[in-house]
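**Q** Sequence and predicted model, in that order:
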Amino acid sequence: MDWTTFRFCAVDLDGSPLGVVIAKAAFLVGEDRIPRPHPEPAVIREADVPWEGDDPAAVPLRAESDLAFRKDQADVVVLATAHAPGGTAVPQFDVEVGIGRHRRVLRVFGARQAVYRGPANPSLKKPVEDLPRFTDPEPVRKVPVTPWAAYGGTARFRVPGTDTVVEVPCPTNPFGRGYCIQNSPEGLDGLWLPQVEDPERLLTPETLVQEIGTPETVPWPALLGPYGRAWYPRAAFAGVPPYDAPRVRDLVRAQADSLDPEADAAAIAMLREYEPPLLAPEFFQCGAPGLVFPRLQGDEVFLLRNLTPDGYLVFNLPGVRPQVVVGEGTEAREVPVALDTLGFDTESMRLELTFRGRVVLESPEAGGAFLSRPWSVTTEGGRGSPEAEEALREEDGRTRGI
């Protein structure tokens, strides 16, 4: 079968120079539910792909760039529309993604809104606002499972004592619906509620209104597609690579030393205590909450429930793994690779499997030799050599010697 390949050099979180290899394959799942090599080969994305237009910052992502230098777990990304069982419109129903023993269930609702109810007892000197009310969901046959249908969006907030209304984007998904930070007519009236939720964390009138400035308490959107880098909690894993933290810390301390000790005492104290946030491996995972799994073998049973018009779609993943060899003859070295991204589009029935491997180079200068050496990507016996399997178990895709 054909593999689309790419390699590049990077610096790992601990400062080690890396050579990274990527091998990607595309399959078409036929009516017999057997994945076969797709007539259109896989494309390795060097940039993010937005849902629409050409500005990834203006809309959610449909697909994320493939050029991550590490993924310690496996992302599962599904582009799908939720279909009510039997095609009959109902107020709510569940959908499911299953891979091997892992399951992710979401609940789908018809259109519904929040309604402001006013003070529970207007006669009080300081009346307490009553909880908002949720309208009953309307019957629905299908709902695209996109960030626009999930929790999030932009909240309206009336500044107390004024007529000024400001808009505040949701830290977990600025493109969704249901985000509210004020129990007021401005904050609630006309507020559409999410149509896709986590059934174990359903939004209620008691939990609808969120505290502003506390992203750790804001609900996460229930998604099947990629999760934005700037969305909490993924954004909390962004930061300075750990190997570079001492340099950044020294720069901040130097800035503190340049300030006026009397006029800038508070700023100096803050800068001298500053610790830069550290980039963590979790930042590189683009799977939505509940769709980031331990390593996948690539031969698991893949199941979708109520995400196609037929109700159930079940098939076995193809069970192939590329064997990647860099160099020739006595200089040849196999690079262990792992399946770390699975993408499936229910409309086109296209399945994409992305394998990634990393080697620690002897020095940064060795990057040129790594990129210039001949290399090959083949499917030998379905899973690569036993040595590569052992390297994956011991070092999780990272080996030395090249």
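**A** Perfect, I can see it now.

**Q** Which residues are in contact with the nearest residue to T207 once chain neighbours are set aside?
**A** Using Cβ to Cβ, 6 or more residues apart in numbering and skipping the chain neighbours, the partner closest in space to T207 is P219 (7.6 Å). (Each C-beta comes from the backbone N, C-alpha and C, glycine too.) Each residue near P219 by Cβ atoms under 8 Å, 6 or more residues apart in numbering is listed here: 151, 172, 198, 201, 203, 207.

**Q** got it, and P56?
**A** 47-50.

**Q** I would like a PyMOL command selecting only the buried ones among these, please.
**A** With 16 or more other Cβ atoms under 10 Å as the criterion, this PyMOL line picks the buried residues out of the contacts of P56:
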select buried, resi 48+50
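
**Q** Show the average pLDDT along the top helix by length along the chain.
**A** Ranked by residue count and defined by DSSP state H, the top helix of the chain is helix 245-257. Averaged over helix 245-257, pLDDT sits at 94.

**Q** cool, stretch 276-296 as well?
**A** If you average the pLDDT over stretch 276-296, you get 95.

**Q** CA atoms only for that stretch, dumped as CSV, please.
**A** C-alpha atoms of stretch 276-296 as CSV (Å, rounded to 0.1, in the frame of the first residue of the first chain):
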residue,chain,number,x,y,z
PRO,A,276,7.1,30.7,33.4
PRO,A,277,4.4,28.2,32.5
LEU,A,278,5.8,25.0,31.1
LEU,A,279,4.9,23.4,27.9
ALA,A,280,3.5,19.9,28.6
PRO,A,281,3.1,16.9,26.3
GLU,A,282,-0.7,17.1,26.7
PHE,A,283,-0.7,20.3,24.6
PHE,A,284,0.0,18.3,21.5
GLN,A,285,-3.1,16.2,21.7
CYS,A,286,-5.8,17.5,19.5
GLY,A,287,-8.5,15.0,20.4
ALA,A,288,-11.6,16.3,22.2
PRO,A,289,-12.2,15.4,25.9
GLY,A,290,-13.0,11.7,26.0
LEU,A,291,-11.3,10.9,22.6
VAL,A,292,-7.7,10.9,23.7
PHE,A,293,-6.7,7.3,24.4
PRO,A,294,-3.6,5.2,25.3
ARG,A,295,-1.7,3.9,22.3
LEU,A,296,-3.8,2.2,19.7
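
**Q** Any idea how far that stretch is from the middle of the chain?
**A** 7 Å (Cα atoms, centre = their mean, to the nearest Å).

**Q** Which positions in it come out as buried?
**A** Applying a neighbour-count criterion of 16+ other Cβ under 10 Å, one finds 276, 278-279, 283-293, 295-296 buried in stretch 276-296.

**Q** Likewise for stretch 222-233?
**A** 222-229, 231.

**Q** after the longest helix of the chain, next one along is what?
**A** Per DSSP states H and E, the first helix or strand lying C-terminal to helix 245-257 is helix 265-273.

**Q** by contact count, what packs against the helix or strand that that following helix is followed by?
**A** Proceeding C-terminally, helix 265-273 gives way to strand 292-293 as the next helix or strand, assigned by DSSP H and E. When contacts are defined as 3 or more Cβ pairs under 8 Å, 6 or more residues apart in numbering; DSSP states H and E, strand 292-293 packs onto strand 74-79.

**Q** Kindly export the strand it packs on (C-alpha atoms) in CSV.
**A** The C-alpha coordinates for strand 74-79 follow below in CSV (Å, rounded to 0.1, in the frame of the first residue of the first chain):
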residue,chain,number,x,y,z
ALA,A,74,-3.7,8.7,20.5
ASP,A,75,-6.1,11.2,19.2
VAL,A,76,-9.4,10.0,17.6
VAL,A,77,-11.1,12.7,15.4
VAL,A,78,-14.5,12.0,13.9
LEU,A,79,-16.4,14.4,11.5
